[in-house]
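Visitor: Give the three-dimensional model of this entry:
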Amino acid sequence: MTIFRYALIKGLRHPVTLVLNCVAPIVLILIRPIWTGEQFLSGFGILLMLIWGGAFLMAQGTLNDKSTGAIVRILAAPVSMRDYLAQNLLAYMVPLTLQVAIISILGSVLYDWNLTLALGLFLCYTVFTVASVTLSFAWNCLFKSKESSFSTFSALITFGTVLSGAIIPLGILPIALQYVGAIFPAYWAMRAIDALISAGSMNTDYLFGIVAMILFSLAFLLYGGKRRMV
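Guide: Purely as a prediction, here's the structure:
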C-alpha cells in the first residue's frame with residue numbers, strides 16, 4: 001500500500017485541501033441556521049460543494065505524477081496501472097468519506113437526525129464522493145498541465161453547483177436549465193437528499209438518485225482508465 005500512503009500524504013499536504021477535507025466540514029456542521037432553515041444556501045448543498053472541491057484537489061496527484069514523469073518511475077517497479085489507479089482512488093476517498101461520517105454523527109447529535117436520515121445522508125454523500133473523485137480523475141486525464149485543469153474545472157464546479165440545486169432551489173431555475181443540470185452528479189445528489197428529507201425514508205426517488213450517481217461513477221472511471229497516462 002505504498003502508493004496509497006504516498007497519494008494520501010501528497011493529497012493532504014496542500015493547506016487548501018487540508019481545510020476542505022478536515023476543517024471546513026466540522027465548522028459547517030456547527031452553523032445551525034444553514035441546517036435548520038430554508039434559505040438558499042443550505043448546509044446540505046454547501047457540503048456537496050466542499051466534497052466536490054476537495055475531491056478535485058486530492059485528484060490533482062495523478063496529474064502531478066503525469067506531468068513530472070513520476071508515473072513512469074512508479075510503473076517501472078512491479079506495479080500495474082490498475083493497482084496504481086486503485087490505490088490512488090482509495091487514497092482520495094478516505095478523507096472525504098471520513099468527513100461524511102463525522103457530519104452524519106454530529107448531525108444526529110446536534111440536530112436530532114434520526115437513524116434513517118443519518119444513514120441516508122451518509123450513503124448519498126459517500127456515493128457522491130465516489131462520483132466526484134472519478135469525475136476529477138477523468139477530467140485530469142484530459143490535461144497535461146495543472147493550471148489548465150484547475151481553471152476549467154473551477155468553471156465546471158461553479159456552473160454545476162448552480163444548475164444542480166446545491167446553491168438555489170431547482171424550482172427557481174427555468175425548465176431548460178434544470179435539464180442541463182441533470183448532467184452533473186451533484187444534481188442527483190441534491191435530488192436524493194430532497195427526497196430523503198421530504199419523505200423521511202429512502203424511497204424510490206432517493207434510490208434513483210443513488211443509482212444515477214453510481215452510473216456516472218462507472219462511466220467516469222471507465223473513461224479515465226482508458227486514457228493514456230504515460
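
Visitor: Quick one: name whatever helix or strand follows the worst-scoring helix or strand of the chain on mean pLDDT.
Guide: The element with the least model confidence among the helices and strands of the chain, by mean pLDDT, DSSP states H and E, is helix 70-76, at a mean of 66. Sequence order places helix 81-111 as the next helix or strand after helix 70-76, per DSSP states H and E.

Visitor: Would you check that residue 94 makes contact with residue 8?
Guide: Yes. The pair residue 94 / residue 8 is scored as a contact, 6.4 Å apart, by CB atoms under 8 Å. Where C-beta positions appear, they are placed from N, C-alpha and C, glycine not excepted.

Visitor: quick one: which of those two has more around it?
Guide: The residue with more neighbours, out of residue 94 and residue 8, is residue 8; 21 against 16, by other CB atoms under 10 Å.

Visitor: Secondary structure element holding the more buried one?
Guide: According to DSSP H and E, residue 8 maps onto helix 2-13.

Visitor: Residue 17 too?
Guide: helix 15-18.

Visitor: any low-confidence regions in this protein?
Guide: Residues of the chain meeting the criterion pLDDT under 70: 1, 37-40, 66-81, 144-146, 224-230.

Visitor: What separation do you get for residue 210 and residue 92?
Guide: From residue 210 across to residue 92, the span is 20 Å (CB to CB, to the nearest Å).

Visitor: typo on my end, it should be residue 131
Guide: Taken as CB to CB, the span from residue 131 to residue 92 is 12 Å.

Visitor: And for residue 138?
Guide: Using CB to CB, residue 138 is found at 13 Å from residue 92.

Visitor: Residue 188 now?
Guide: Distance of residue 188 to residue 92, computed by CB to CB: 20 Å.

Visitor: What of residue 147?
Guide: In terms of CB to CB, residue 147 sits 20 Å off from residue 92.

Visitor: all helices of the protein, in order?
Guide: Taking DSSP state H as the criterion, the chain carries its helices at 2-13, 15-18, 24-29, 33-36, 43-68, 70-76, 81-111, 115-140, 146-163, 175-181, 185-199, 204-226.

Visitor: Lovely, talk soon.
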